[in-house]
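Q: With the input below, show me the fold.
(2 chains)
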Amino acid sequence: GNSVTQMEGPVTLSEEAFLTINCTYTATGYPSLFWYVQYPGEGLQLLLKATKADDKGSNKGFEATYRKETTSFHLEKGSVQVSDSAVYFCACSSSGGSYIPTFGRGTSLIVHP
Amino acid sequence: DVKVTQSSRYLVKRTGEKVFLECVQDMDHENMFWYRQDPGLGLRLIYFSYDVKMKEKGDIPEGYSVSREKKERFSLILESASTNQTSMYLCASSGRGTSRHEQYFGPGTRLTVT
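A: Numbering: from 1, shown residues only, chains lettered A, B, ... in the order given. This next block holds a predicted model:
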């Protein structure tokens, strides 16, 4: 089956710092890749997605590029804000067979003023 | 926007009680899911349903059952709650075609079993 590995947290940054959260995946075929965000006390929200190699997903200043050669989908943001403090989940879902995504364990991001 | 609602944000129950967690989505989605979320373990799939009255076991179905009598509603049932079922429970839904891979989550129910 599929698997997703993301860096363990917490990741602690100062406001306006550059963010990278690493995510690598193992999957058959050509999966779709996702980043979800979970703010404190809430459910997960889809942050961005990419459905084929070299696609770049982007939203709210966050970006991630689907790298098939390295099986990676790292999340980046050029300048984080305190309001970005949340848990970030990487996920992949294969185009054939089960449509249920495989989630990573989540990476907590804490941004200090 | 897709809206997934869960009946309670916080719930406290006693060991042995029967517990119902309700989830409703308003986007006519075919697929609905129940997860539990625990620190260090991420999300674990309990059950899912791809149609009315259909259900499939996920990774950790033991101690749980589900019901889907209407397309928009998916219920999780703890027949006899135990303390190890204290957790955050998340409901999700997804549509058809390529969008079936994108899940929309409810706000979660934090269940405490004492």
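Q: any low-confidence regions in chain A?
A: Counting by pLDDT under 70, chain A shows low-confidence ranges at A:95-98.
Q: just the residues of it that are near chain B, which are they?
A: Neighbours of chain B within chain A, by Cβ under 8 Å from any Cβ of the partner chain: A:32, A:34, A:36, A:41-46, A:49, A:51, A:89, A:93, A:99-101, A:103-106. Using the backbone N, CA and C atoms, a C-beta is placed for each residue, glycine as well.
Q: go again using 7 Å as the cut-off
A: Neighbours of chain B within chain A, by Cβ under 7 Å from any Cβ of the partner chain: A:32, A:42-46, A:49, A:93, A:99-101, A:103-106.
Q: Is there a quick ChimeraX command that grabs whichever of the residues you listed are buried?
A: ChimeraX command restricting the residues of chain A next to chain B to the buried ones, with burial defined by 16 or more other Cβ atoms under 10 Å in any protein chain shown:
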select /A:32,42,43,44,46,49,93,99,100,101,103,104,105,106
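Q: The residues of chain A next to chain B in strands, which ones?
A: Using DSSP state E, the members of these that fall within strands are A:32, A:44, A:45, A:46, A:49, A:93, A:103.
Q: mind listing what the fifth one touches?
A: For residue A:49, the residues meeting the contact criterion (Cβ atoms under 7 Å, 6 or more residues apart in numbering or on different chains) are A:32, A:33, A:34, A:57, B:102.
Q: Tell me the spacing between the closest residue in space to the second one that isn't next to it in sequence and residue A:50.
A: In space, and not counting its chain neighbours, residue A:33 is closest to residue A:73: 4.3 Å by Cβ to Cβ, 6 or more residues apart in numbering or on different chains. Distance, residue A:73 to residue A:50, by Cβ to Cβ, to the nearest Å: 7 Å.
Q: Next: residue A:93.
A: For residue A:93, the distance to residue A:50 - Cβ to Cβ - is 11 Å.
Q: One more: residue A:31?
A: Applying Cβ to Cβ to residue A:31 and residue A:50 gives a distance of 10 Å.
Q: So for those two, which sits in the more crowded spot?
A: More crowded of residue A:31 and residue A:50, by other Cβ atoms under 10 Å in any protein chain shown: residue A:31, with 27 against 21.
Q: could I have stretch B:80-94 exported to CSV, CA atoms only?
A: Listed in CSV are the C-alpha atoms of stretch B:80-94, where the atom choice follows Å, rounded to 0.1, in the frame of the first residue of the first chain:
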residue,chain,number,x,y,z
SER,B,80,-20.0,-0.1,24.8
ALA,B,81,-17.6,2.8,25.3
SER,B,82,-14.3,2.1,26.9
THR,B,83,-11.6,4.4,28.1
ASN,B,84,-9.3,3.5,25.2
GLN,B,85,-11.8,5.1,22.9
THR,B,86,-11.1,8.5,24.4
SER,B,87,-10.0,10.4,21.3
MET,B,88,-10.8,13.1,18.7
TYR,B,89,-13.2,11.7,16.1
LEU,B,90,-13.2,13.3,12.6
CYS,B,91,-15.8,12.8,9.9
ALA,B,92,-15.0,13.5,6.3
SER,B,93,-16.7,13.3,2.9
SER,B,94,-15.6,13.2,-0.7
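Q: ok, residues contacting it?
A: A:43, B:4, B:6, B:13, B:15-19, B:21, B:23, B:25, B:27, B:29, B:31-38, B:43, B:63, B:74, B:76, B:78, B:100, B:102-106, B:108-113.
Q: before we move on, what about stretch A:72-90?
A: By Cβ under 7 Å, 6+ apart, the list of residues contacting stretch A:72-90 reads A:4, A:6, A:13, A:15-25, A:33, A:35-39, A:44, A:50, A:61-64, A:66, A:103-104, A:106-111, A:113.
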